[in-house]
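In: Build the 3D model from these lines:
(one chain, ligands or ions: 1)
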Amino acid sequence: MVVYQVYPRSFQDSDGDGIGDLAGIRARLDHLAWLGVDALWLSPIYPSPMADFGYDVADYTDVDPVFGDLAEFDRLTEAARERGLELLMDLVPCHTSIEHPWFREHPDWYIWADRPNNWVAAFGGSAWEPRDGRYYLHSFYPEQPDLDWRNPEVVAAMQDVLRFWVERGAGGYRIDAIDRLMKDPELRDDPPASEPYGLPLGDHEVKLALSNSRNGPGTSAALAKMREAVGDAFLVGEVYLPSRRWQPYSDHFDAVFAFELLLTSWDATLLNTAIRACAETGKAAWAMSNHDFGRLATRFGRENARAAALMLLTLPGPAFLYQGDEIGQGDGPPWESTFDRAGRDRFRHPMQWDGSADGGFSTGEPWLPPVDPADRNVEAQRDDPGSMLSLVRELIALRRELGDGFELLEAADGVVAYRRGGHAVAVNTTPERRPFPVRGEPRLASAPDALQGDTLAPHAGVVVQD
Ligand code: GLC
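Out: Next up, the predicted model:
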């Protein structure tokens, strides 16, 4: 399936406060239905002080007033169902907001130590914060204390949360930062790194093996409890590990985000390695962008955006498309931290629906300005058969015809090629022409002149049928 990631704050504002909301999402569902996606994933909508824009949850079973309320959520699920769209929620199981009542009422649901060990927080600094003569653990911001999943009350409370949204109509969850769920029960230091982690790390993390601060014993049992609560609802895990270490996550989840692909650069050798490793697991959820790592057109270069979309949407298994990538929206100015201290504001600028100054996002002052609505917007691209939006829509339609099988093919340097049943896909990552590795009838190309005789144009991708 194709899952469309909605960042609710930036999708569509309905009440003029400059911040997107659930009624706004509902008003734009026809865009998703027209695009042909199967599901939407909502980044967190729960009540939150917004220290991490909702990834700091203060109440797991309600909606933040800035986004709406439960009745509005029900209207949204109903409207999604009418259009055949599944709705995935974002579950944040590893930490709450420091303002969650649990932190006051059940301090024993959190992880405490008499003195800090050497664990580091995701965005830098010690993962420990002093409080009342002790220290609490926070794998992310200090406003996000880590829950103790070794406490059965925490497990039971989170199972209730998982059931709550599924019973209310959600089709499943994207599970946040799940590799941080279980830690070493003795809270021992992370030893020095003896081999590369297999994914990019921050300067503050790279010297550590990170073997005690995450992926600890008991992970499989905890994941089984999550699965037990949701039955066969769809679960996709945000597991920050290379695919060779996806177990036990891949045993309990339907899919795991392929960070090796998400974080690679646009280089055929690296892409081939990432795709081979992740595809072999049979559990890869493919994504090339999101609210943490930036947009496809910026990450891979505008000249490669179409071929990248072609690749994303022809790989085997669920594909995740970040809002705005369908029109080739780019990141905001290089470094912004007006709101997010980790500098991720630039990946979260509002959706560009039309060419007006506010991009059709809000009648008020948008919380962040749209980047370039006059150059790129849904309205203008919808009726243009040569637009990125039209390409993405055609790719989503063609995807249903691709066969089940998957095999990487030999190809010239700089080319990624694979077979999907009776179709083959080839993508040229270079600025030069390259031999086209297979024969067949062209079905869809990233550009009109992508296939020139037996060669593939620079930065182009093509799907052919045998
Ligand atoms: C995930 C989210 C990210 C958030 C973090 C902590 O990585 O995608 O936005 O900051 O978890 O919840």
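
In: nearest residue to the residue nearest the centre of the chain other than its sequence neighbours?
Out: Centre of the chain computed as the mean C-alpha position; nearest residue by C-alpha atoms, centre = their mean is Asn290, 4.7 Å away. Excluding its sequence neighbours, the residue lying closest to Asn290 (C-beta to C-beta, 6 or more residues apart in numbering) is Tyr322, at 5.2 Å. Any C-beta I mention is one placed from the backbone N, CA and C, and that applies to glycine too.

In: I'd guessed the one you found sits against Phe293; true?
Out: No - Tyr322 is beyond contact range of Phe293, at 9.3 Å (criterion: C-beta atoms under 8 Å).

In: more neighbours, the two?
Out: Tyr322 (22 against 17; other C-beta atoms under 10 Å).

In: where does this protein have low pLDDT?
Out: For the chain, applying pLDDT under 70 flags the ranges 336.

In: Phi and psi next, for the residue of it found nearest the ligand.
Out: As assessed by C-beta to the nearest ligand atom, the ligand sits closest to Tyr55 within the chain, at 3.3 Å. Main-chain dihedrals, Tyr55, degrees, to the nearest 10: phi -80, psi 10.

In: quick one: it from Gly405, how far?
Out: Distance of Tyr55 to Gly405, computed by C-beta to C-beta, to the nearest Å: 37 Å.

In: Look at those two and report which has more neighbours.
Out: The neighbour comparison of Tyr55 against Gly405 (other C-beta under 10 Å) goes to Tyr55, with 24 against 12.

In: isn't that one right next to Glu143, touching?
Out: No - using C-beta under 8 Å, Tyr55 makes no contact with Glu143, being 9.9 Å away.

In: Contact residues of this structure facing the ligand?
Out: Taking C-beta under 6 Å from any ligand atom as the contact definition, the chain meets the ligand at 52, 55, 92, 140, 176-177, 238, 291-292.

In: from those, which would you call buried?
Out: 52, 55, 92, 140, 176-177, 238, 291 (16 or more other C-beta atoms under 10 Å).

In: Let's have the residues you listed in CSV, adding secondary structure.
Out: Shown next, in CSV, are these (DSSP: H, G, I helix; E, B strand; the rest coil):
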residue, secondary structure
Asp52, coil
Tyr55, coil
Val92, coil
Phe140, coil
Asp176, coil
Ala177, coil
Glu238, coil
His291, coil
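
In: which residues in the stretch 201-350 of the chain form helices?
Out: 219-230, 249-252, 259-262, 268-280, 296-299, 305-312 (DSSP state H, counting those that start in this stretch).

In: looking at the ones you listed, which is buried most?
Out: Sort those by mean neighbour count, taking mean count of other C-beta atoms under 10 Å, and helix 305-312 sits at the top with a mean of 26.

In: Confirm for me that Gly125 is in contact with His204.
Out: Yes - look at Gly125 against His204 with C-beta under 8 Å: they come within range, at 7.5 Å.

In: Next up, phi/psi of Ser126, please.
Out: Dihedral angles (degrees, to the nearest 10) for Ser126: phi -60, psi 150.

In: Phe164 too?
Out: phi -50, psi -50.

In: now Asp190
Out: According to degrees, to the nearest 10, Asp190 has phi -70, psi 130.

In: nearest spatial neighbour of it, skipping sequence neighbours?
Out: Leu208 (4.2 Å).

In: give me the number of residues near the one you found?
Out: 19.

In: for Gln323, phi and psi?
Out: Torsion angles, degrees, to the nearest 10, at Gln323: phi -50, psi 130.

In: Name all residues that make contact with it.
Out: Counting by C-beta atoms under 8 Å, 6 or more residues apart in numbering, Gln323 touches 4-7, 10-11, 351.

In: Of those residues, which is the nearest to Gly24?
Out: Set against Gly24, the nearest of these by C-beta to C-beta is Phe11 (6.1 Å).

In: Pretty sure the closest one sits against Gln352.
Out: No - at 11.0 Å, Phe11 does not count as touching Gln352 under the criterion of C-beta under 8 Å.

In: what sits opposite Arg434 in the beta ladder?
Out: When assigned by DSSP bridges, Arg434 has beta-bridge partners Leu456.

In: And it, how close does it get to Val464?
Out: 15 Å.

In: do the same with Ile45
Out: 42 Å.

In: Counting neighbours, go ahead and name the busier of those two.
Out: Applying other C-beta under 10 Å to Ile45 and Val464 shows that Ile45 carries more neighbours, namely 25 against 19.

In: buried sites along stretch 360-372?
Out: 360-362, 366-371.

In: Relative to Arg419, which of the buried ones among the residues of the chain next to the ligand is nearest.
Out: Glu238 (29.4 Å).

In: hang on, isn't the closest one packed against Phe253?
Out: No - look at Glu238 against Phe253 with C-beta under 8 Å: they stay out of range, at 10.0 Å.

In: list residues touching both of those two?
Out: Ile175.

In: out of everything not next to it in sequence, what's closest to Pro431?
Out: Pro458 (4.7 Å).

In: follow-up on the earlier one: okay but the residue nearest to the centre of the chain is in contact with Phe259, surely?
Out: No - applying C-beta under 8 Å, one finds Asn290 not in contact with Phe259, separated by 10.4 Å.

In: Tally up the residues packed near Gly403, please.
Out: Gly403: 12 neighbours (other C-beta under 10 Å).

In: Specify the local secondary structure of it.
Out: Gly403 ends up coil, using three-state DSSP.

In: Burial check on the residue nearest to it when sequence neighbours are not counted, number of neighbours?
Out: Ranked by C-beta to C-beta, 6+ apart and with sequence neighbours excluded, the top spatial neighbour of Gly403 is Gly421, at 1.1 Å. Close neighbours of Gly421, defined as other C-beta under 10 Å, add up to 15.

In: check contacts around Gly421.
Out: Taking C-beta under 8 Å, 6+ apart, one finds 402-405 in contact with Gly421.

In: swap the cut-off to 10 Å and go again
Out: Remark: with contacts taken as C-beta atoms under 10 Å, 6 or more residues apart in numbering, Gly421 is in contact with 316, 401-407, 465-466.

In: do Leu40 as well
Out: Here Leu40 is in contact with 3-6, 11, 25, 28-29, 32, 76, 80, 85-88, 171, 321, 323 (C-beta under 10 Å, 6+ apart).

In: make it 6 Å
Out: 4, 6, 32, 85, 87 (C-beta atoms under 6 Å, 6 or more residues apart in numbering).

In: How about residues contacting the stretch of helix or strand Leu444 belongs to?
Out: According to DSSP states H and E, Leu444 maps onto strand 441-445. Contacts with strand 441-445, where a contact means C-beta under 6 Å, 6+ apart, come from 394, 398, 451, 462-465.

In: what sits up against stretch 84-98?
Out: In contact with stretch 84-98 (C-beta under 6 Å, 6+ apart) are residues 39-41, 43-44, 48-49, 55-58, 77, 80, 102, 143-146, 158, 165, 170-177, 180-181.
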